[in-house]
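**Q** Take a look and give me a structure for this.
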Amino acid sequence: FGSKMYSFPFEDFSRVVDENAETYIERLKEAVAIPSVSAEPERRHECVRMAEWAKEWAEKLGGVTELHDIGEQELPNEKKIPPPQSLISCTLTPRE
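**A** Down below sits the predicted model:
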């Protein structure tokens with residue numbers, strides 16, 4: 001991508017993960033509890049809920065986010081429906 005490469009020592013990463021494992025597991029439990037199966041139109045509202053959940057968490061962590069419409073989805077019965085908005089833009093600023 002032509003950008004400067006940054007290194008983050010694995011030991012530092014591993015320590016942060018270990019120190020926050022309980023928090024990460026709880027956050028993962030929240031995420032997987034949302035049955036957001038995009039291939040099932042009857043669960044479309046859950047996909048919307050998942051995008052909003054991810055947006056909310058990114059913003060809590062200092063991110064700037066945007067949800068975007070991404071067009072139409074054609075179902076096997078040829079009916080066209082709008083897919084849920086997608087979290088396409090998320091910018092996080094590293095904490096000091």
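**Q** Can you show me the helices along this structure?
**A** All helices of the chain, identified by DSSP state H, fall at 10-19, 21-32, 44-60.
**Q** deepest of those, which one?
**A** helix 44-60 (a mean of 16; mean count of other CB atoms under 10 Å). To be clear about C-beta, it is placed using only N, CA and C from the backbone, and glycine gets the same treatment.
**Q** which other residues reach that helix?
**A** 27, 30-31, 34-38, 65, 67, 81, 83-87, 90, 92 (CB atoms under 8 Å, 6 or more residues apart in numbering).
**Q** and the angle from that helix to helix 21-32?
**A** Here helix 44-60 runs at an angle of 150 degrees relative to helix 21-32 (axes from the mean of the first three to the mean of the last three CA atoms, to 10 degrees).
**Q** tell me which helix or strand of this structure sits lowest on mean pLDDT?
**A** Between all helices and strands in the chain, the lowest mean by mean pLDDT, DSSP states H and E belongs to strand 86-91, at a mean of 73.
**Q** number of nearby residues for the residue nearest to Thr91 when sequence neighbours are not counted?
**A** The shortest distance from Thr91 to any non-neighbouring residue, by CB to CB, 6 or more residues apart in numbering, is to Val64 (4.8 Å). When neighbours are counted by other CB atoms under 10 Å, Val64 registers 11.
**Q** what's the answer for the one 3 residues further on, then?
**A** Neighbour count for Leu67, taken as other CB under 10 Å: 16.
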